[in-house]
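Chemist: have a look at this fold, sequence not included:
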């Protein structure tokens, strides 16, 4: 039976004096590198900074997620969404919010936006064939699990092609993970492109195909413009 469901979602803004910054994108775009560079940039300015990443390694949920990503265990993708939600709830309350309350800068390698992009991909195998309203319905169902979480003050989506990402990942000499196939990365990138356009006020796209130095300069320049507490 089909039932029409319509609802509004209000994303929760950061109520604390600290600044919450997140980096997003498919695997291999350089999120970790740029997050580390931004952390040093702030520390050089004598700012107190906390660097963190998602999913966490906090057991048992964080450990279970990493076991799935590393293909040590097999789980239905829809169940992984609930694991991510639980892990992020723990992460938000124990790692992110306390330093924000103290006025510190929190830089996170991924936040809940990842679950939207990856979740759309998990639920729909070929985004390119979906109508806009179908993608919207799937994204709203995922966001409904996270709307009570704080949205980062600034979110940088580092955008590169799946071909570039695969090339970079191959140079890391690590075992390929669940989401690191060319087809999955292509689909997840389509999810990111969609949410970056749909939530353009919350997400700032960065061209990650350029040199590391140019990407860094772009991020720092845009942060100074976007930071609501500067």
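Modeler: Good, I have the coordinates. Because the structure is a prediction, the values reported are computed rather than measured.
Chemist: every contact and neighbour count from this point should use C-alpha atoms.
Modeler: Noted.
Chemist: quick one: the lengthiest helix in the chain to chain centroid distance?
Modeler: Longest helix in the chain, counting residues (DSSP state H): helix 182-198. On the basis of C-alpha atoms, centre = their mean, to the nearest Å, helix 182-198 sits 12 Å off its chain's mean C-alpha point.
Chemist: one more: stretch 200-211?
Modeler: 13 Å.
Chemist: quick check, pLDDT for the residue nearest to residue 16 when sequence neighbours are not counted.
Modeler: Excluding the flanking residues, the one nearest residue 16 by C-alpha to C-alpha, 6 or more residues apart in numbering is residue 101, at 5.2 Å. For residue 101, the model assigns a pLDDT of 98.
Chemist: show me where the protein has its strands.
Modeler: 19-24, 49-53, 105-109, 154-159, 203-207 (DSSP state E).
Chemist: mind checking which of those strands is nearest residue 94?
Modeler: The minimum distance between residue 94 and these falls on strand 49-53, with 11.3 Å, by C-alpha to C-alpha.
Chemist: adjacent strands (with direction) for the closest one?
Modeler: strand 105-109 (parallel) (DSSP bridges).
Chemist: which residues are contacting the partner strand?
Modeler: Here strand 105-109 makes contact (C-alpha atoms under 8 Å, 6 or more residues apart in numbering) with 18-24, 31-32, 35, 39, 47-54, 96, 99-100.
Chemist: filter these to the buried ones?
Modeler: Among the contacts of strand 105-109, those that count as buried by neighbour count (16 or more other C-alpha atoms under 10 Å) are 18-24, 31-32, 35, 39, 48-54, 96, 99-100.
Chemist: the closest residue to residue 224 other than its chain neighbours and residue 105: what is the separation?
Modeler: Nearest-residue entry for residue 224: residue 230, 7.2 Å, with adjacent residues in sequence omitted and distances by C-alpha to C-alpha, 6+ apart. According to C-alpha to C-alpha, to the nearest Å, residue 230 stands 12 Å off from residue 105.
Chemist: for residue 23, see how far away the nearest residue to residue 63 once chain neighbours are set aside is.
Modeler: Leaving aside its chain neighbours, residue 63 sits nearest to residue 57 (5.4 Å; criterion: C-alpha to C-alpha, 6+ apart). With the distance defined as C-alpha to C-alpha, residue 57 ends up 18 Å from residue 23.
Chemist: and residue 24, bridged to which residues?
Modeler: residue 157.
Chemist: isn't it right next to residue 110, touching?
Modeler: Yes - when contacts are counted by C-alpha atoms under 8 Å, residue 24 is listed as touching residue 110 (5.2 Å).
Chemist: kind regards, and thank you for your time.
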